[in-house]
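**Q** Here is my input; please provide its structure:
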Amino acid sequence: MEKKLILRGILAGAVAGLLAFVFARIFAEPQIAKAIDYESGRDAAQAALDKAAGLTPEAAGPDIFSRTIQANVGIGVGMVFFGMAMGALFAVAYVICLGRVGKLRARNLALLVALGGFLGMYFVPFVKYPANPPSIGHPDTIKDRGNLYLLMVLCSVLFLVGAVWLGKRLQVRFGNWNATLLAGGAYVVAIGIVMALLPSLGELSVNVQQYGHHATETPLPLTDPKGAIVYPGFPADVLFSFRFYSVAAQALLWATVGLAFGPMAERLLDPATRTATAPAPGGQPEPVSAA
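**A** Okay, the predicted model is just below:
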């Protein structure tokens, strides 16, 4: 049974990844193109400044894949495989929750697990470390940024599991509604403390040494030695649009996983229930074997 549910989760994830890719290709990809154009223009301005100062500009490495391949095949394959991975994790969480979080219908449980996956694995970590388009973020901080984001995801998921456990423990004493509010409040407090303790990306040691104290790694205006602006900072509207569509794509992915998986799980689980309680030929339900 568990393997069948996981396979259905992978299938739902593949469909979700494909839909998320179509959405991202239409709405997010133009913002990525604008960010790449900004990066190219800024690099050209920086090269001109270096040349004027008598410095040898650093040669850019060749692109392994063209933008066409990256924007279509690369992102598409990546999103589908990401959706399959998230679908498998979703199905595992679903199997763990099945029968342990109250008498919920298969579809309702699927939607709740999908909501938990979206919040715990994406949205809450996004609040602290939001997604960035190309040209935002310095190469020397890639490892630190990756480790901090993974730490946020790990804390968010662990605290979410803890909140579910706490809600079940408090349910008998405070009732379902109050227990849910108390558990949710505990999650918010715990993850808020983690967010306050973790550094902002602009405060990473490499960034402070090279650029000073800033809240983020968003490129500021490029200036010449006299302080005159020779190239503007990263466009705020492009950054907002990219992050908005990133959240929307993830919401679409997780919603599709929950909506697609629910009916498949219900068809798999309900026949077993009907067989166990079906009336015997004599009119009485057949007893369920202890084995």
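**Q** Which SSE is immediately downstream of the lengthiest helix in the chain?
**A** The longest helix of the chain (DSSP state H) is helix 142-197. Using DSSP states H and E, the helix or strand that directly follows helix 142-197 along the chain is helix 205-211.
**Q** Could you list every helix and strand that that following helix packs against?
**A** If you count contacts as 3 or more Cβ pairs under 8 Å, 6 or more residues apart in numbering; DSSP states H and E, helix 205-211 packs onto no helix or strand. Where C-beta positions appear, they are placed from N, C-alpha and C, glycine not excepted.
**Q** For that helix, list every residue counted as buried.
**A** N207 (16 or more other Cβ atoms under 10 Å).
**Q** Following the chain onward from that helix, which element is next?
**A** Assignment by DSSP H and E places the next element after helix 205-211 at strand 222-223.
**Q** So for that following strand, mean pLDDT?
**A** On average, the pLDDT along strand 222-223 is 90.
**Q** Give me the distance between it and the centre of its chain.
**A** Remark: strand 222-223 is offset 34 Å from the chain centroid, using Cα atoms, centre = their mean, to the nearest Å.
**Q** Name every strand pairing with it and say which way it goes.
**A** Partner strands and pairing direction for strand 222-223 (DSSP bridges) are strand 229-231 (antiparallel).
**Q** tell me which residues in the partner strand are buried?
**A** By neighbour count on 16+ other Cβ under 10 Å, the buried set for strand 229-231 is Y231.
**Q** Give me the residues contacting it.
**A** G41, R42, A45, Q46, A48, L49, P221, L222, T223, D224 (Cβ atoms under 8 Å, 6 or more residues apart in numbering).
**Q** Beyond it, next helix or strand please.
**A** Immediately after strand 229-231, counting by DSSP H and E, sits helix 236-277.
**Q** other SSEs contacting that following helix?
**A** Checking 3+ Cβ pairs under 8 Å, 6+ apart, helix 236-277 ends up next to helix 2-27, helix 29-52, helix 75-97, helix 106-118.
**Q** For the second one, what does the pLDDT average out to?
**A** Right, the one you point to is helix 29-52. For helix 29-52, mean pLDDT is 90.
**Q** Need the residues that contact stretch 127-135.
**A** For stretch 127-135, using Cβ under 8 Å, 6+ apart, the contacting residues are 31-32, 34-36, 38-39, 42, 145, 148-149, 152, 195, 198, 201, 217-219, 234, 238-239, 242-243, 246.
**Q** Now the terminal residues of that stretch, how far apart.
**A** End-to-end distance for stretch 127-135: 20 Å, by Cα to Cα, to the nearest Å.
**Q** From here on, call the first residue 8.
**A** Sure, I'll start counting at 8 from here, so that last one is stretch 134-142.
**Q** Got a quick PyMOL command for the buried subset of the contacts of stretch 134-142?
**A** To isolate the buried members of the contacts of stretch 134-142 in PyMOL, using 16+ other Cβ under 10 Å:
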select buried, resi 38+39+41+42+45+46+49+152+155+156+159+202+205+208+224+225+226+241+245+246+249+250+253
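**Q** picking that back up, so which of the contacts of strand 236-238 is surrounded by the most neighbours?
**A** Among these, R49 has the most neighbours (other Cβ atoms under 10 Å), with 19 neighbours.
**Q** For it, which non-adjacent residue is closest in space?
**A** In space, and not counting its chain neighbours, R49 is closest to Y238: 5.2 Å by Cβ to Cβ, 6 or more residues apart in numbering.
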